[in-house]
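Engineer: I need the structure of the sequence given here:
(2 chains)
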Number of protein chains: 2
Amino acid sequence: MRVIAPASPFPRADFERGVARLRERYTVELDPSIFDADGYLAGGDARRLDELRRALTDGGVDAVVAARGGYGATRLLDGIAPEEVRPRLLVGFSDLTALHALFARAGLRSLHATMVAGLGRGTDAALAGWIAAAEGAVPAPLDGLTPIAPGRAEGPLAGGNLAVLAALCGTPYAPPLEGAVFFLEDVGEAPYRIDRMLTTLRQAGWLRRLAGVAVGQLTRATPGPDGRTVEEVLRDRLGDLGVPVVRGVPAGHDEDNRPLPLGAPVELDADAGTLTFREAAAVAHG
Amino acid sequence: MRVIAPASPFPRADFERGVARLRERYTVELDPSIFDADGYLAGGDARRLDELRRALTDGGVDAVVAARGGYGATRLLDGIAPEEVRPRLLVGFSDLTALHALFARAGLRSLHATMVAGLGRGTDAALAGWIAAAEGAVPAPLDGLTPIAPGRAEGPLAGGNLAVLAALCGTPYAPPLEGAVFFLEDVGEAPYRIDRMLTTLRQAGWLRRLAGVAVGQLTRATPGPDGRTVEEVLRDRLGDLGVPVVRGVPAGHDEDNRPLPLGAPVELDADAGTLTFREAAAVAHG
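Structural biologist: Here you go, the predicted model:
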């Protein structure tokens, strides 16, 4: 298992504890340069790209886990092509959506889940769920999801952080979404910003050929003085797509961030309020 | 002169005062529905699009001035084509960048300048400068600009609000930028967000065939705890384009928002720190 920091620096204590917890079960490799910090980046692009390229192309690496998100992974996308990525488990979320998109372009699955610093400050139960998903367990079905538009759909799960997805729009690095169940989450984005990002994706045609939409946590999507809530925005921007749409998937920036196997087939039933996983992502070896 | 609200609701007192100031010189028309408010939108899309379409296509309208920005103009872009826009002066900035892009696609100039509510709370001097620009005066050259990359360039001025431009990326509504002097400004965007937006534009190819870049006000671009400033971001993301780049153009969300004739030819001299306007935008009749 290789730990990398392609985005922002991370709280050292959380990270060390996360690595220690992983080392109870896995052989964890990391480069000492991972502790570099250059503003909001965990070292310059050259350092982060070199670390990323080695992690995704070296032989003998079964899993690559990000230290933390923040910002910076999109900056590296010019430096690695999908054809170069060798099959392995990739674990991360938030800014790591840029790398999930890379894996999706390579036709590879990946695991949308908590990163090393988050594992360091998380519960034992969260760690156990993370390990199970990383080792190939198919996640338990999610229920109690809130329908926004009715219907049932099947397709591969795709997506991630809305702001990062919107930032990939118009670039060569957008993930393939045709026939997908589109997952999205975000943190600290006001409702009008979520509206603007979803409007971009609509106008760019990203939402036209989806099988369905499963919205996760929209953490601190605080309404402005105008009072429009993010729920209203979701109904307005996603309710008329003609495919099933739900919100409430327990994944994102809240404390309970369930692992999601991106690229693996799922069944979304908006009428029943369920998201059922059919297969796992890839496998890290214990 | 027609006043419209294609984006967010506006403070009524500022607006009324702005209209009163304009009425000292112009015949100002507006629809009573302009006072509608629906969350962060000045009424539903149908209302705002109808108002916009009439303002841009009716005969006998020489100038169209936005009440305020905020958010909402991008939502209307599916509803009006460049071929439908009849020549007239368009005045606004910020969210109105979406309509400046429409005008640019139509081959029409427009005026990046303060809107009605802003005129209501502005100084007499600001109003006088606005009137002069709206009536065809070529703005005085700007000097004292800070070079980021050296050189001289000529081209039509294009651009506007960075977040709105990034939101148009990947959609059919992006403005033509080939050979342009690219102006951008923003408000309330942290340095890492400005980095992310400029990275999107780089990766989408928007910055490849520019003549130059002229950065305006980046209001409240407050660094995070990591301390990286927006000036560092600009050097990093714009300094290597191979064209002249300056910052410090006095236009945007600060109090001093000088009118900029978008689409009109300008000369950017990064070595001298000047931006010289060759022609005006269009003309409103007094």
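Engineer: Domain parsing of chain A, as residue ranges.
Structural biologist: With domains defined by automatic domain parsing, chain A comprises A:2-134, A:146-277.
Engineer: okay if I get those domains as CSV plus mean neighbour count and mean pLDDT?
Structural biologist: Any C-beta I mention is one placed from the backbone N, CA and C, and that applies to glycine too. Below are the domains of chain A laid out as CSV (neighbours: other CB atoms under 10 Å in any protein chain shown; pLDDT from 0 to 100):
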stretch, mean neighbour count, mean pLDDT
domain A:2-134, 21, 98
domain A:146-277, 21, 97
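Engineer: Could you export those domains to TSV, including columns for distance to chain B?
Structural biologist: Shown next, in TSV, are those (distance: least, CB to the nearest CB, whole Å):
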stretch	distance to chain B
domain A:2-134	3
domain A:146-277	3
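Engineer: Which phi and psi values does A:D58 adopt?
Structural biologist: When read as degrees, to the nearest 10, the backbone of A:D58 gives phi -60, psi 150.
Engineer: before we move on, the earlier item: just put the domains of chain A in CSV and tack on distance to B:R2.
Structural biologist: Below are those laid out as CSV (distance: least, CB to CB, whole Å):
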stretch, distance to B:R2
domain A:2-134, 41
domain A:146-277, 25
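Engineer: can you tell me which residues contact A:V230?
Structural biologist: When contacts are counted by CB atoms under 8 Å, 6 or more residues apart in numbering or on different chains, A:V230 touches A:191, A:194, A:218, A:221, A:223.
Engineer: how would you label the last one: helix, strand or coil?
Structural biologist: Reducing the assignment at A:P223 to three states with DSSP: H, G, I helix; E, B strand; the rest coil gives coil.
Engineer: Just to check, it is in contact with A:Y192?
Structural biologist: No. In this structure, A:P223 is not within contact of A:Y192 by CB atoms under 8 Å, at 9.0 Å.
Engineer: My read is that A:I80 contacts A:L102, right?
Structural biologist: Yes. With contact defined as CB under 8 Å, A:I80 reaches A:L102; the gap is 6.9 Å.
Engineer: what's near enough to touch the closest residue to A:L142 other than its chain neighbours?
Structural biologist: Excluding its sequence neighbours, the residue lying closest to A:L142 (CB to CB, 6 or more residues apart in numbering or on different chains) is A:L275, at 4.5 Å. Counting by CB under 8 Å, 6+ apart, A:L275 touches A:141-142, A:145, A:181, A:214, A:246, A:249, A:266-269.
Engineer: what about 6 Å?
Structural biologist: A:L275 makes contact with A:142, A:214, A:266, A:268 under the criterion CB atoms under 6 Å, 6 or more residues apart in numbering or on different chains.
Engineer: In terms of helices and strands, where is it?
Structural biologist: Assessed by DSSP states H and E, A:L275 sits inside strand A:274-277.
Engineer: Output that strand as PDB, nothing but the C-alphas.
Structural biologist: Taking Å, rounded to 0.1, in the frame of the first residue of the first chain, the C-alpha atoms of strand A:274-277 are listed here in PDB:
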ATOM      1  CA  THR A 274     -32.200   2.600  -1.900                       C
ATOM      2  CA  LEU A 275     -28.800   2.400  -3.500                       C
ATOM      3  CA  THR A 276     -27.600  -1.200  -3.900                       C
ATOM      4  CA  PHE A 277     -24.100  -2.200  -4.700                       C
END
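Engineer: mind checking how far that strand is from the chain centre?
Structural biologist: Here strand A:274-277 is found 17 Å from its chain centre; the criterion is CA atoms, centre = their mean, to the nearest Å.
Engineer: Same question for stretch A:65-81.
Structural biologist: Counting by CA atoms, centre = their mean, stretch A:65-81 comes out at 12 Å from the chain centroid.
Engineer: So A:E51: helix, strand or coil?
Structural biologist: Following three-state DSSP, A:E51 is assigned to helix.
Engineer: Let me know whether A:A7 touches A:T97 as I believe.
Structural biologist: No. Between A:A7 and A:T97 there is no contact under CB atoms under 6 Å: 10.3 Å.
Engineer: For chain A, just list every one of the helices.
Structural biologist: Using DSSP state H, the helices found in chain A span residues A:12-23, A:45-57, A:97-105, A:116-121, A:124-134, A:162-168, A:191-203, A:230-238.
Engineer: The ones you listed: which one's closest to A:R209?
Structural biologist: Of all those, it is helix A:191-203 that lies closest to A:R209, at 12.2 Å by CB to CB.
Engineer: Quick check: which helices or strands does the closest one pack against?
Structural biologist: Under the contact definition 3 or more CB pairs under 6 Å, 6 or more residues apart in numbering or on different chains; DSSP states H and E, helix A:191-203 sits against helix A:162-168, helix A:230-238.
Engineer: B:E154 is nearest to which of the ones you listed?
Structural biologist: Nearest of the helices and strands packed on helix A:191-203 to B:E154, taken as CB to CB: helix A:162-168 at 31.4 Å.
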